[in-house]
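In: no sequence on this one, just coordinates:
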């Protein structure tokens, strides 16, 4: 086996080694059943126990109140860009939805929203290439709207909401795909939050929703059965064959978070990783150019540029040769991006810092 | 490790041991990358190579003509129950779709179809509890319809179409979820065929579509981006983060089929397994009651009943004690079901036959 890399990929992303090893060890015989976990029906008691335990663990770690329902849905975070309006827009007769535009995925959410709702973008940082979280004018929080949608962490541009807007009676919808379980969140601030699993919750293919129950039962009757939040909550994610492997990995990830000290321990570790990395990059500010403004920087995705595309290519290639993997920025955005989700150990960030110091000496 | 069971589960189903072992062996280091296959981005060249190879292998094994496009879609076979009408109904102004009702999943397809189309059920075997494939009156093939939908293998009731209806210019849509790659299929007979992956193509969470290209570009503009066949084909399944693990397993499953002699070798093996099992059950016809009529019986799912529910429960429990796993029929249908997809070895079927003989002697 080659040495395990420090993998800074934005997602599907690095997972904790104990989780990967556990999967490997029990691969041919899940739970003494004489079958791999991917070979068992989603409808048997052994699998349902796993699924419901996963739901319970997530509820516990998020400290989600009892009036919030949890479901796992095929398709990842981006599927929700359409499902949010299809399930919620009828909450108010105006069929209007408010969005904050903070980067690539927020823009895509707005585009999908526009197919099913009258969309109003009430704040945007597009004018400065999404280097900040824009301020919201409280007067823009139209009570006739069905919801306000925000992207709490912006994977491509590397910004993150510190706190979330107070919306009064207007349901706040949050795309937490690239930050779920990385810091404590007050779930009760949201009407609905969702996240694709392939960052801190395991593998690609599913998303989780956490939804306040009074927002259910407003979905379009045209909704396909397995895209209907109300149906999915009622069926406890079993409206059709659930992605069994993704549930299994999510279960192991949640147990790993819990055994590691819970979401607060994740936050402490993530803050330290981000602090060290931003500090190093800031010390060489003529060489490394941080994209996000101070106070808006993500603890999950650290984005910066070098002075020339050639230098960026050299950075990525030389890092890779030292086992620091997948540092290339998003293809629509460019530059360098280090994604440092929960599973990235502090040693990985230290290795990146050491490399970045050396790189300055070599090329500065 | 406990002994590996013969796993007759309807899906997610048994996979070939060489495929499972390969996954286990390279689990911590895919392709020398220092990362698990579930930890790499879907957008890097190494993953795209895997995805496109998977598409090519499927095309080769299905002998799909060049004017057919292939895409992988989140959500499994049942997601297509809605996506077929949403993508195809506008082919004709009447927005009408024809269906054949042959069991539980066909019924669900009809229900989802009815949300988006004027649905006409042109043949049904519901009157005899779906024990046969009903004949189609050629006069019912309304040329004003956008398509005719059939379920080529009926997982719950255990029936299978021998040949497919000749529909002339009317596009034939086939749900091949529980039989794809189990026998040679003339793809050109279909306008669109689809299959959830969790039977012969690997794990749950995705489906594959094979669609004649002239049927594309008729999708509703309201379609979510990642549910739009035309967009998915254009993006080669990368409209959002694809289910990377499912693609990886599909790749290994296709290589296993190819190395085992291709689809014709699968068919020969499947025919032999089904012949032996139906023969044994038929020999004890006062004890075992086959559900499907001769000439309509599935080579994938063998369904039968015993004289009392108690006897069926004993059959399932005693079989399980001998390592014959998951023989319980579908909860909405009851009885016994042995699912014997490609990965079920002949020895597994022989073990079930031996057990079934012994069971007659013990309880007959």
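Out: That came through, no problem. Everything quoted here is computed from the prediction, not taken from an experiment. Numbering: from 1, shown residues only, chains lettered A, B, ... in the order given.

In: mean confidence for stretch A:290-307?
Out: Averaging pLDDT along stretch A:290-307 gives 98.

In: Between the two ends of it, how far is it?
Out: 11 Å (C-alpha to C-alpha, to the nearest Å).

In: and it, does that touch chain B?
Out: No - against chain B, stretch A:290-307 shows no contacts by C-beta under 8 Å from any C-beta of the partner chain, the least distance being 13.0 Å. C-beta: built from backbone N, CA, C; applies to glycine.

In: Show me what counts as buried in that stretch.
Out: A:290-292, A:296-306 (16 or more other C-beta atoms under 10 Å in any protein chain shown).

In: Restricted to strands, list those.
Out: Secondary structure defined by DSSP state E assigns A:290, A:301-305 of the buried residues of stretch A:290-307 to strands.

In: Looking at the residues you listed, spot the one nearest residue A:214.
Out: For those, the closest approach to residue A:214 (C-beta to C-beta) belongs to residue A:301, at 33.4 Å.

In: The longest helix seen in chain A versus strand A:301-305: what angle between them?
Out: In chain A, with assignment by DSSP state H, the single longest helix is helix A:262-283. Computed by axes from the mean of the first three to the mean of the last three C-alpha atoms, to 10 degrees, the angle separating helix A:262-283 from strand A:301-305 equals 10 degrees.

In: Can you pull out the residues in contact with helix A:262-283?
Out: Helix A:262-283 is contacted from outside by A:61-62, A:181-185, A:200, A:257, A:260, A:288, A:290, A:297-300, A:302, A:304, A:338, A:340, A:342, A:344, A:346, A:349-350, A:352-353, A:356-357, using C-beta atoms under 8 Å, 6 or more residues apart in numbering or on different chains.

In: related to what we said a few turns ago, of the ones in strands among the buried residues of stretch A:290-307, closest to chain B?
Out: residue A:301 (13.0 Å; C-beta to the nearest C-beta).

In: Next up, the contacts around that closest one.
Out: Per C-beta under 8 Å, 6+ apart, neighbours of residue A:301: A:10, A:153-156, A:158, A:178, A:337-340.

In: which ones among the residues you listed are found in strands?
Out: With DSSP E as the criterion, strands contain A:153-154, A:337-339 from among the contacts of residue A:301.

In: re earlier: out of the buried residues of stretch A:290-307, flag the one nearest to residue A:245.
Out: residue A:300 (24.1 Å).

In: Would you mind listing the residues in contact with the closest one?
Out: Contact analysis of residue A:300 by C-beta under 8 Å, 6+ apart lists A:153, A:155, A:160, A:178-179, A:182, A:199, A:270, A:339-341.

In: just curious, which of these is nearest to residue A:193?
Out: For those, the residue nearest residue A:193 by C-beta to C-beta is residue A:179; the value is 10.3 Å.

In: and that closest one, how many neighbours?
Out: Other residues lying near residue A:179 total 27 when counted by other C-beta atoms under 10 Å in any protein chain shown.

In: Now it. Nearest residue, chain neighbours left out?
Out: Counting by C-beta to C-beta, 6 or more residues apart in numbering or on different chains, residue A:179 lies nearest to residue A:153, which is 3.8 Å off, once chain neighbours are set aside.

In: who does that neighbour bridge with?
Out: Judged by DSSP bridges, the bridge partners of residue A:153 are residue A:160.

In: If you tally nearby residues, what's the number for it?
Out: Around residue A:153 there are 26 residues (other C-beta under 10 Å).

In: Residue A:100 too?
Out: Quick note: residue A:100 (other C-beta under 10 Å) scores 23 neighbours.

In: In the record's domain split, what are the boundaries for chain A?
Out: Split into domains by automatic domain parsing, chain A comes to A:18-259, A:262-363.

In: Could you check how far residue A:32 is from residue A:40?
Out: As for residue A:32, its distance to residue A:40 is 12 Å (criterion: C-beta to C-beta, to the nearest Å).

In: okay, those two: which has more neighbours?
Out: residue A:40 (25 against 10).

In: hmm, which of the contacts of helix A:262-283 are the buried ones?
Out: A:61-62, A:181-183, A:185, A:200, A:257, A:288, A:290, A:297-300, A:302, A:304, A:338, A:340, A:342, A:344, A:349, A:352-353, A:356.

In: Those in helices, which ones?
Out: Using DSSP H, the buried ones among the contacts of helix A:262-283 in helices are A:61-62, A:257, A:349, A:352-353, A:356.

In: farthest-separated two in those residues?
Out: A:62 and A:356 (33.9 Å).

In: Does residue A:76 touch residue A:198 like I think?
Out: Yes - in this structure, residue A:76 is within contact of residue A:198 by C-beta atoms under 8 Å, at 6.9 Å.

In: With neighbour numbers in mind, choose between the two.
Out: The neighbour count for residue A:76 versus residue A:198, taken as other C-beta under 10 Å, is higher for residue A:198 (33 against 25).

In: hang on, the earlier thing: please tabulate the contacts of residue A:300 in TSV, including the columns pLDDT and distance to residue A:242.
Out: As requested, these are arranged in TSV below (pLDDT from 0 to 100; distance: C-beta to C-beta, whole Å):
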residue	pLDDT	distance to residue A:242
A:153	98	26
A:155	97	25
A:160	98	30
A:178	97	23
A:179	98	24
A:182	98	25
A:199	97	20
A:270	98	29
A:339	98	27
A:340	98	30
A:341	98	24
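
In: secondary structure element for residue A:173?
Out: Using DSSP states H and E, the element containing residue A:173 is strand A:172-175.

In: Partner strands of that strand, with direction?
Out: Strand A:172-175 is paired, per DSSP bridges, with strand A:147-151 (parallel), strand A:192-196 (parallel).

In: Would you format those strands as CSV with mean neighbour count and mean pLDDT included?
Out: Shown next, in CSV, are the strands paired with strand A:172-175 (neighbours: other C-beta atoms under 10 Å in any protein chain shown; pLDDT from 0 to 100):
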stretch, mean neighbour count, mean pLDDT
strand A:147-151, 27, 98
strand A:192-196, 27, 98
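
In: show me the contacts for residue A:108.
Out: A:78, A:81, B:225.

In: how about the closest residue in space to the second one that isn't next to it in sequence, what does it touch?
Out: Of all residues beyond its chain neighbours, the one nearest residue A:81 is residue A:112 (3.7 Å), with distances taken as C-beta to C-beta, 6+ apart. Applying C-beta under 8 Å, 6+ apart, one finds that residue A:112 lies in contact with A:78, A:81-82, A:85, B:224-225.

In: Residues of the stretch 201-350 of chain A that sit close to chain B?
Out: Residues of the stretch 201-350 of chain A lying close to chain B (C-beta under 8 Å from any C-beta) are A:202-206, A:221-222, A:224-227, A:240-246, A:249, A:323, A:325-326, A:331.

In: if we can go back for a sec, export the domains of chain A to JSON lines and tack on distance to residue B:106?
Out: As requested, these are exported to JSON lines (distance: least, C-beta to C-beta, whole Å):
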{"stretch": "domain A:18-259", "distance to residue B:106": "15"}
{"stretch": "domain A:262-363", "distance to residue B:106": "43"}
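
In: Most tightly packed of those domains?
Out: domain A:18-259 (a mean of 20; mean count of other C-beta atoms under 10 Å in any protein chain shown).

In: how far does that one stretch from start to finish?
Out: 11 Å.

In: related to what we said a few turns ago, and the ones in strands among the buried residues of stretch A:290-307, which two are furthest apart?
Out: A:301 and A:305 (14.0 Å).

In: what residues does the stretch 51-200 of chain A put near chain B?
Out: The interface of the stretch 51-200 of chain A toward chain B, taken as C-beta under 8 Å from any C-beta, is made up of A:74-79, A:81-83, A:108, A:111-112, A:115-116, A:196, A:198.

In: which among these gets closest to residue A:217?
Out: Lowest distance from residue A:217 to these (C-beta to C-beta) belongs to residue A:83, with 14.7 Å.

In: Are we agreed that that closest one is in a helix?
Out: Yes - applying DSSP: H, G, I helix; E, B strand; the rest coil, one finds residue A:83 inside a helix.
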